[in-house]
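Novice: Attaching a predicted model along with its sequence, questions to come.
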Amino acid sequence: MALPILMYHAVLPIGATEQVRGTVPLATFREQIGWLARRGYRALTLDEVAAALGGRHDAARGRSVAISFDDGYRCVVEHALPVLEEFGMTAVLFVVTGAVGRTTDWYVPKGGRAFEHADWSELERAAAHGFAIGSHSVGHLSLASASDAAVADELGASKEAIEKRLGACRHFAYPFGSHSDATVAAVQRAGYATACTTEAGLNRRGQPLLRLRRQAVSRTATAGRFRRRAGAWF
Ligand SMILES: [Zn+2]
């Protein structure tokens, strides 16, 4: 068993050749998800991923994948989730709780466009449609270089904000992928079941659940490139 967890950021209805940092064009996204669906891939929840890596879920038999979106952008709720629903797939959105309903600039190149984050009512709608909402911290800090107190607060306050509005929050994604042994221990203490890094690779049985690997799907992942990479996963 080798489980890929796909990592997306933004999905926008831009031209297939237009280059926007962190953004996969909607038409390309639809081709990628459609291809996975036609090949019989099933999208697992991170709870199912955790069970599979612990040997308690029989994901090995099917073609399984998990799909994640970092940062919680409005365009994902608006454009990507309907495509996933159309193909019967689920995903997790890792939300920066301090940025909900706002526009942020940590991911924008000079002169580029700022991304809008989904607001709570949009996230509620996504959750009502069966998508999981995980935490991506409060303020998108690099946790490996933050103080113990700041790390505990980022982990705890974001979980609490999500749970107040949307129910249990069991999954975390490290902002910028930044983590250390101390961060991982703090994530465990805060009560998360899984945490996603940005380290590339597949997840095999026994992979530490607070150090899950992901496959970044970049803006240049045309449908053909995506298929070639996906072909190497199994
Ligand atoms: Zn992020």
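Specialist: That came through fine.
Novice: And for the nearest residue to residue 215 once chain neighbours are set aside, the neighbour number?
Specialist: Nearest non-adjacent residue to residue 215, counting by CB to CB, 6 or more residues apart in numbering: residue 4, 5.0 Å away. Using the backbone N, CA and C atoms, a C-beta is placed for each residue, glycine as well. Neighbour count of residue 4, defined by other CB atoms under 10 Å: 21.
Novice: Mind checking what secondary structure residue 198 has?
Specialist: When classified by DSSP: H, G, I helix; E, B strand; the rest coil, residue 198 comes out as coil.
Novice: How about the secondary structure of the residue nearest the centre of the chain?
Specialist: With distances taken as CA atoms, centre = their mean, residue 68 lies nearest the centre of the chain, 2.5 Å away. State at residue 68, reduced to three classes by three-state DSSP: strand.
Novice: Okay, it and residue 150: tell me how far apart.
Specialist: Distance, residue 68 to residue 150, using CB to CB, to the nearest Å: 24 Å.
Novice: Repeat that for residue 207.
Specialist: To residue 150, residue 207 is 27 Å away according to CB to CB.
Novice: So if I had to pick from those two, which one is more boxed in?
Specialist: Comparing residue 207 with residue 150 by other CB under 10 Å, the one with more neighbours is residue 207, at 19 against 15.
Novice: which parts of stretch 159-170 are buried?
Specialist: 159, 161-162, 165-166, 169-170 (16 or more other CB atoms under 10 Å).
Novice: Reformat the residues you listed into a markdown table and put secondary structure next to each item.
Specialist: A markdown table is the format used below for the buried residues of stretch 159-170 (three-state DSSP):
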| residue | secondary structure |
| --- | --- |
| 159 | helix |
| 161 | helix |
| 162 | helix |
| 165 | helix |
| 166 | helix |
| 169 | coil |
| 170 | coil |
